[in-house]
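J.: coords please:
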Amino acid sequence: MKARDGVVEDASAIILPNLRHLRLLDVAVSDSSLTAAANKVHISQPAASQAVAKLSDVFGARLIERSGNNVTATPEGEIVVKRARRALEHLRATGPALKGRKATDRAQAGDMLVRFASTAQLRAVSAFATSGSFAAAARKLGQAESSVQRACRDIERIVGQPLFEGGQRKRTLTAAGQRLAEQSSLALNEITLAQAELRERAGVFDSHLVIGALPLARTQLVPRAVVNLMARHPAARIEIIDGAYDALVQQMRLGACDFIIGALRGADRAKGLEERPLFKDSLCIVARAGHPLAGCKVQGADLARFPWILPRRDAPARHVFERLSAQHGLEDPARGHVETGSLVVVRGLLMDSDALTLISLSQIEYEYTQGLLVPLDFALEDAHRVIGITSLSSALPNRLQRNFLEFLAESSALLKTQQR
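T.: Predicted coordinates for the structure are as follows:
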């Protein structure tokens, strides 16, 4: 990563501003005075003018208007200030996570990050959290490993607390380090969103949208929404990732995922998550066509005769199975089972065996309409789950993200119509 006149540039050509300059801009607009802001940030008036000019270069737009001694934000400046304030608040929120300090000291530690941390240091901690090691973080940032380690040590000195633990070969983040990495990632993400919003204002929708898709969402719900989004914004860069729910939440906390689409877990806003339901989905027991139970009136004892393909333990469908198993003794200690969140694996196993699974028909629409997989005639109780959107409660979507959510709602409405 190269520093150029107070501007930080990484290996992937993302240009990030100086945090101190962002703080200066925030104060200048709040106080309507660049002179007052310079005094509060402890730099000279000429340096303040240069800082604002550098910010204008970074964001490619004039950010303030001057009238005598008064300063007002331009429309572009309002976008940058809005995101800058959110970025700085993310960093201040790190303080309460620090251990062994008085409350006032913890608050001061968060403020120290705002005053003295650099975007290069924040990116180093964030990259370590997403990559798992200094070596991997260095490759991600296009830097020497020693540079990443030095940046992380500098952050530790700023907050006055160790952020890493373990030996040289297996370094991990402490709880405070994980919190700092999350807040650093979100702060950097706000800066990226400011740049995206400025491009959107100019009619360019080329920013990066990352969607975490849980099993049901991968087959129809998300793909339909993405197709419509790409038709409207062909320059947008869309990434769809899958994985276990907890892993996707962690990605979202690190700013590496914008939304998770799928079965809701009842997330607590106190944990920083927000859920928006789209529709209710029903599960059924599915088997291959020609299965011994296909076309029969199935009893609970019949279900215990066959192996099962189980959803992951964190999935709502797994809870439905556990209730069903408790009623009918489906889990035989003498017989193993397969556990997977992969629809491809589930379909393959069902087609080639007498195994059963709990699944939504919308997830196997093709196989169902082609007569390859069939639902069994067995009445399930309380087999509904709510499908929706999980996001960070602090998130403020840009226009591209809002457009995706609009198309997702349309895709959801179409899916509900098909289920009737």
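J.: so how far is Leu324 from Asp26?
T.: 55 Å (C-beta to C-beta, to the nearest Å). No exception for glycine: its C-beta is placed from N, CA and C like everyone else's.
J.: To clarify, my last question referred to Gly371.
T.: Relative to Leu324, Gly371 is positioned 25 Å away (C-beta to C-beta).
J.: before we move on, what about Gly95?
T.: Taking C-beta to C-beta, one finds Gly95 at 47 Å from Leu324.
J.: where does the stretch 301-420 of the chain have low pLDDT?
T.: Within the stretch 301-420 of the chain, the stretches with pLDDT under 70 are 332-334, 418-420.
J.: Now do the strands in it.
T.: 308-310, 338-339, 356-359, 373-375, 384-392 (DSSP state E, counting those that start in this stretch).
J.: do the same with the stretch 51-200 of the chain
T.: In the stretch 51-200 of the chain, the strands defined using DSSP E, counting those that start in this stretch lie at 64-67, 70-73, 164-165, 172-173.
J.: a markdown table for those, including distance to His384 and mean neighbour count?
T.: Shown next, in a markdown table, are those (distance: least, C-beta to C-beta, whole Å; neighbours: other C-beta atoms under 10 Å):
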| stretch | distance to His384 | mean neighbour count |
| --- | --- | --- |
| strand 64-67 | 54 | 13 |
| strand 70-73 | 49 | 18 |
| strand 164-165 | 44 | 14 |
| strand 172-173 | 38 | 17 |
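J.: do you know which of those lies nearest Ile389?
T.: Checking the strands of the stretch 51-200 of the chain against Ile389 by C-beta to C-beta gives strand 172-173 as the closest, at 28.1 Å.
J.: contacting residues around that closest one?
T.: Phe128, Ala129, Leu163, Phe164, Glu165, Gly166, Ala181 (C-beta atoms under 8 Å, 6 or more residues apart in numbering).
J.: partner strands of that strand, parallel or antiparallel?
T.: strand 164-165 (antiparallel) (DSSP bridges).
J.: what about the partner strand, average pLDDT?
T.: Mean per-residue pLDDT for strand 164-165: 94.
J.: rewinding a little: is it possible to get JSON lines of the strands of the stretch 51-200 of the chain that adds distance to Leu34?
T.: Below are the strands of the stretch 51-200 of the chain laid out as JSON lines (distance: least, C-beta to C-beta, whole Å):
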{"stretch": "strand 64-67", "distance to Leu34": "7"}
{"stretch": "strand 70-73", "distance to Leu34": "5"}
{"stretch": "strand 164-165", "distance to Leu34": "39"}
{"stretch": "strand 172-173", "distance to Leu34": "38"}
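J.: Run through the helices of the stretch 1-150 of the chain in chain order.
T.: Assigned by DSSP state H, counting those that start in this stretch, the stretch 1-150 of the chain shows helices spanning 19-31, 34-41, 45-59, 75-92, 103-116, 119-131, 134-141, 145-159.
J.: In terms of secondary structure, what does the last one contact?
T.: When contacts are defined as 3 or more C-beta pairs under 8 Å, 6 or more residues apart in numbering; DSSP states H and E, helix 145-159 sits against helix 103-116, helix 119-131, helix 134-141, helix 175-201.
J.: Could you list the low-pLDDT ranges of the protein?
T.: Along the chain, the model assigns pLDDT under 70 to residues 1-14, 97, 99-107, 270, 332-334, 418-420.
J.: And it, split by domain according to the record?
T.: Taking automatic domain parsing as the reference, the chain has its domains at 2-188, 205-280+386-419, 284-382.
J.: now those domains in a markdown table, with distance to Gln195?
T.: As requested, those are exported to a markdown table (distance: least, C-beta to C-beta, whole Å):
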| stretch | distance to Gln195 |
| --- | --- |
| domain 2-188 | 6 |
| domain 205-280+386-419 | 8 |
| domain 284-382 | 35 |
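J.: quick one: which of the strands of the stretch 301-420 of the chain is nearest Glu239?
T.: Comparing these by C-beta to C-beta, strand 384-392 comes nearest, at 15.9 Å.
J.: which residues are contacting that closest one?
T.: Contacts for strand 384-392 (C-beta under 8 Å, 6+ apart): 186, 216-217, 221, 249, 252-253, 258-265, 267, 272-283, 316-317, 320, 405, 408, 412.
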